[in-house]
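> model the structure of this input:
(2 chains)
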There are 2 protein chains.
Amino acid sequence: MKKILFLIFIPLFSTAQTNDAAFIKKISDEILVNGKAYDWLYHLTKKIGHRLSGSTAYNQASAWGEKTMKEAGADKVIMQECKVPHWNRGNGDFAKVVQVNSKKEVIELNALALGNSNGGSANAEVIVIQNFEELEKRKDEVKGKIVFYNYGFNQSFVETFKAYGDAGKYRQMGASRAAKYGAVACLIRSLSGSTDNFPHTGAMRYNDSFPKIPALALGLKDADRLNELASKNKIIVDLETHGKMFEDAIAHNVIGELKGSEFPNEYITVGGHLDSWDVGEGAHDDGAGCVQTMEVLRVLKTLNYTPKRTLRFVLFANEENGLRGGNVYATKALENNEQHIFALESDAGGFTPRGFTFKASEAQLQKIQTWKHLLAPYGADKLEMGGGGADIGPLNEKLKTVLAGFRPDGQRYFDFHHTANDVFESVNRRELLLGAVNMAILIYLVDQFGL
Amino acid sequence: MKKILFLIFIPLFSTAQTNDAAFIKKISDEILVNGKAYDWLYHLTKKIGHRLSGSTAYNQASAWGEKTMKEAGADKVIMQECKVPHWNRGNGDFAKVVQVNSKKEVIELNALALGNSNGGSANAEVIVIQNFEELEKRKDEVKGKIVFYNYGFNQSFVETFKAYGDAGKYRQMGASRAAKYGAVACLIRSLSGSTDNFPHTGAMRYNDSFPKIPALALGLKDADRLNELASKNKIIVDLETHGKMFEDAIAHNVIGELKGSEFPNEYITVGGHLDSWDVGEGAHDDGAGCVQTMEVLRVLKTLNYTPKRTLRFVLFANEENGLRGGNVYATKALENNEQHIFALESDAGGFTPRGFTFKASEAQLQKIQTWKHLLAPYGADKLEMGGGGADIGPLNEKLKTVLAGFRPDGQRYFDFHHTANDVFESVNRRELLLGAVNMAILIYLVDQFGL
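So this is what the prediction gives:
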């Protein structure tokens, strides 16, 4: 009996593999030849532009997302309401050197207030601090000064995201750690290893125990310049920011759905986040992930694919400064007793595909790794443990959903991240589309074979 | 006895692997943190610029290469003379629509004469030909007309180099194939899948049996436009080119050398080509390969590495339109009874590393693949059969040298290849340096363990 079963199963398995490879080739051909993601990205970036939570542009973007999901073939589109923080930078951030030793001298610095920071001004001496260890050692020198954290990206990390993880705390916590010792303002070296001078904004958080001092990021060339100047001279910097947190605003997750034919209460989510920082056009972060998500929907509909499970294509609200969209999505899923077996996020830029990381059991990862040969021809065949994505994190916390993060090549990401330079022109059409190809393949395989 | 040997060998092997990984990490750290390749590329592209064989700029570039090889630490630098073709485009290539049906109407086309083509002019009706099969079918309609080959890059190929290989014959042979049937000029759709309108030049070759008609490449947007116009209307195009082949010029391969300590007559070559087309700055093609080659030299010297074999770092002359540099290099190697065991070329752009291809025996490839885990952390771990590079090809033909080609990600390459857009700004510093890291690792491993 066992032998007979064996003889029956082998051919079935082989056929499935051949059919899978053939369908996957169709996915790739359809996206690379007829893909809409790049045109959609053009609209999102050039016609709508950046779209911070609480802005009018965000609402324009979510309305456009609803329309585009329908065009791409969603059975239905749900506009899922959530309250989001509403921070506004105001106008006229600046920082400039105004005095070098006893000499008046104006040197403009390319600076941008950090997200969520309060407006304020300072005119004070700069103290350069390379890291928090140095801050602790020199805490008695900080009072009344502007603390400039010059902690750089560690260029020896091959993975740029590791450098970001390593340096991130200076943006997040630097201001309050400095305010604790009496600093009047905070400057940070932008979280980047690029060769240009664009300042990089991004979320910071105040510790309510200390004064909420202004905080700005400097472009790397100006960070180098200030570091050099201030390590040899007494430098006075004049700076001003106008950030303000308003009352929470109403925003929406945009959810396109394809109903499952066999297991309609098993959900597979693929998404990116629709909000962006308030500079540039949010092209790589995360317009790319949004249009790739809709491309996965479009290609499956175009190829007349009938999913076994219910597929959800989600443009999440408010990843950048609150994660409210992701939290509401998971909360509602729990309330509705939906069984979310898998979620994939694309939020690392529209670059050439290299792999996926997973938050899964060893057994699940091993199953996924049996698909490696099906992904390899399309580039994303590094399949390793690692995080999924910020927006889908709550699904894992609340519903134990297996998570995946799309991992394109990261060498250029932090040239653009949270800058005025994150524009449509920085995205290559084929790299963007190939990302969608690999995402569609993974969604297809999980839908076919479960986890 | 066997058992004892086994016990002895295992620890030795483990130690070697650990030491290799540690030295490789040093290579990576040194290049990513202190690498000079990007600064060298700035000089080559911005201070010297494009450098077609026979141009003054080529000689400036080779003199700079000699100086830079010395600075990077070469034991000696050989300037190896070779005669190279000397083609000059002249000034004022153009192609424009001048009549649509009976109406005079001027539409400028973004056009560039193909390399090696003869100057000439035409004012004639356009016939759009999608491929050579169609040419044969419609050969009686061609006489007196301008043949426009609109054969596009096949976007469904994941590897862009496959699309280039597929479409390349229209640039190489299109003019003479059309002239055979009486065409007065030839236009081709540029060999690219980009979203812009830059025309791409590159080598063509006349068949001496037919008239040497002018030949130009069109930018893709203008190719689309002309295709649409001419498939519905009678279109007259006016065009002019001024290309001319002069007498051969003298040029030099620039060869830096590190003498081998154990096997000085076993040579390992790593190189790129120093010449470029005569538009843009030859940044990806192949300034990148040249500066990566010198970076490999620099890092090995900086880390005080004593090679077992003799290492050669070569900036080849005349890859683009003659391959004279590569031929002279192999001919001299044969004359001198040098034993060239391995050669690696970087000529696919300064993009993020993905792997190497090899021209080797199965056994050699298997040996190389045992190093996969040492390359994987740095990105170039796809180790497959395939070509090496044009300049090193003659080494394999004449001396049976094992060849390798560095294979960075190719999605963006044909956005820049042979265009005015192939400039310094199109190269990302970290992608360029990571390429050099992986090249240095491979050279190190071949030097240590042979093939």
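> residue A:323 against residue A:390, yeah?
Yes. Contact between residue A:323 and residue A:390 holds when scored by Cβ atoms under 8 Å: they sit 5.9 Å apart. All C-beta atoms are positioned from the backbone trio N, CA, C, and that covers glycine.
> for the helix or strand harbouring residue A:330, what is the distance to the chain centroid?
Residue A:330 is part of helix A:324-335 when elements are defined by DSSP states H and E. For helix A:324-335, the distance from its own C-alpha centre to the chain's C-alpha centre is 18 Å (Cα atoms, centre = their mean, to the nearest Å).
> give the buried residues for it.
For helix A:324-335, a neighbour-count test (16 or more other Cβ atoms under 10 Å in any protein chain shown) marks A:324, A:325, A:326, A:327, A:328, A:329, A:330, A:332, A:333 as buried.
> what's the answer for stretch A:204-220, then?
In stretch A:204-220, counting by 16+ other Cβ under 10 Å, buried: A:204, A:206, A:210, A:212, A:213, A:214, A:215, A:216, A:217, A:218, A:219, A:220.
> close to chain B, is the helix or strand containing residue A:363?
Assigned by DSSP H and E, residue A:363 belongs to helix A:362-369. No. Using Cβ under 8 Å from any Cβ of the partner chain, helix A:362-369 never reaches chain B; the gap is at least 15.0 Å.
> mind checking how far that helix is from the chain centre?
On Cα atoms, centre = their mean, the centre of helix A:362-369 falls 25 Å from that of its chain.
> dump the C-alpha coordinates for that helix into CSV.
The C-alpha trace of helix A:362-369 is given here as CSV (Å, rounded to 0.1, in the frame of the first residue of the first chain):
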residue,chain,number,x,y,z
GLU,A,362,11.8,26.6,11.5
ALA,A,363,9.5,24.1,9.9
GLN,A,364,7.7,26.9,8.0
LEU,A,365,10.9,28.4,6.8
GLN,A,366,12.1,25.0,5.6
LYS,A,367,8.8,24.6,3.6
ILE,A,368,9.3,28.0,2.1
GLN,A,369,12.9,27.2,1.2
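> could you list the low-pLDDT ranges of chain A?
A:1-17 (pLDDT under 70).
> where exactly do the helices run in it?
A:2-34, A:37-42, A:56-72, A:132-137, A:160-179, A:220-232, A:288-302, A:324-335, A:362-369, A:372-375, A:393-399, A:413-416, A:429-449 (DSSP state H).
> mind listing what's buried in the third one?
Using 16+ other Cβ under 10 Å as the burial criterion, the residues of helix A:56-72 that qualify are A:57, A:58, A:59, A:61, A:62, A:64, A:65, A:66, A:68, A:69, A:72.
> would you list the residues you listed in CSV and tack on distance to residue A:152?
Formatted as CSV, the buried residues of helix A:56-72 follow (distance: Cβ to Cβ, whole Å):
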residue, distance to residue A:152
A:57, 33
A:58, 33
A:59, 38
A:61, 34
A:62, 37
A:64, 38
A:65, 37
A:66, 42
A:68, 40
A:69, 41
A:72, 42
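> what's the closest of those to residue A:346?
Among those, residue A:65 lies closest to residue A:346 (Cβ to Cβ), at 14.7 Å.
> look up how far chain B lies from that closest one.
23 Å (Cβ to the nearest Cβ, to the nearest Å).
> test my guess that that residue contacts residue A:313.
No. Residue A:65 lies out of contact with residue A:313 (Cβ under 8 Å); the separation is 9.6 Å.
> common neighbours of the two, please.
residue A:294 (Cβ atoms under 8 Å, 6 or more residues apart in numbering or on different chains).
> if I look at the residue nearest to the spatial centre of chain A, how far off is residue B:226?
Closest residue to the average C-alpha location of chain A: residue A:347 at 4.0 Å, with Cα atoms, centre = their mean. In this view, residue A:347 and residue B:226 are 41 Å apart by Cβ to Cβ, to the nearest Å.
> give the buried residues for the strand ranked longest in chain A.
Ranked by number of residues, the top strand in chain A under DSSP state E is strand A:244-258. Neighbour-count burial for strand A:244-258 flags A:249, A:251, A:252, A:253, A:254, A:255, A:256, A:257, A:258 (criterion: 16+ other Cβ under 10 Å).
> tell me the contacts of the first one?
Under the criterion of Cβ under 8 Å, 6+ apart, the neighbours of residue A:249 are A:53, A:54, A:83, A:84, A:85, A:86.
> please repeat the previous calculation with a cut-off of 10 Å.
A:53-56, A:58-59, A:82-86, A:317-318 (Cβ atoms under 10 Å, 6 or more residues apart in numbering or on different chains).
> same thing with the second one?
With Cβ under 10 Å, 6+ apart as the criterion, the residues that contact residue A:251 are A:51, A:53-55, A:58-59, A:61-62, A:79-86, A:274-275, A:316-318, A:322, A:324-325, A:328.
> which one of the buried residues of strand A:244-258 is nearest to chain B?
residue A:258 (24.6 Å; Cβ to the nearest Cβ).
> touching, the closest one and residue A:301? I think so.
Yes. Counting by Cβ atoms under 10 Å, residue A:258 does reach residue A:301; the two are 7.4 Å apart.
> overlap of the contact sets of the two?
A:73, A:74, A:75.
> dump those into JSON lines; add neighbour count as well.
Listed next are the shared contacts of residue A:258 and residue A:301 as JSON lines, based on neighbours: other Cβ atoms under 10 Å in any protein chain shown:
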{"residue": "A:73", "neighbour count": "16"}
{"residue": "A:74", "neighbour count": "24"}
{"residue": "A:75", "neighbour count": "12"}
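> looking at those residues, which is nearest residue B:195?
residue A:73 (24.9 Å).
> care to break chain A down by domain?
A:23-83+A:248-449, A:91-244 (automatic domain parsing).
> before we move on, the earlier item: filter the contacts of residue A:251 down to the buried ones.
Buried, going by 16+ other Cβ under 10 Å: A:51, A:53-55, A:58-59, A:61-62, A:80, A:82-86, A:274-275, A:316-318, A:322, A:324-325, A:328, out of the contacts of residue A:251.
> and chain B, which of the residues you listed reach it?
By Cβ under 10 Å from any Cβ of the partner chain, no member of the buried ones among the contacts of residue A:251 lies near chain B.
> just checking, residue A:68 touches residue A:47?
No. With contact defined as Cβ under 10 Å, residue A:68 does not count as touching residue A:47 (11.9 Å).
> give me every residue in the stretch 1-150 of chain A lying close to chain B.
Residues of the stretch 1-150 of chain A lying near chain B (Cβ under 10 Å from any Cβ): A:25, A:28, A:29, A:30, A:31, A:32, A:33, A:34, A:35, A:38, A:42.
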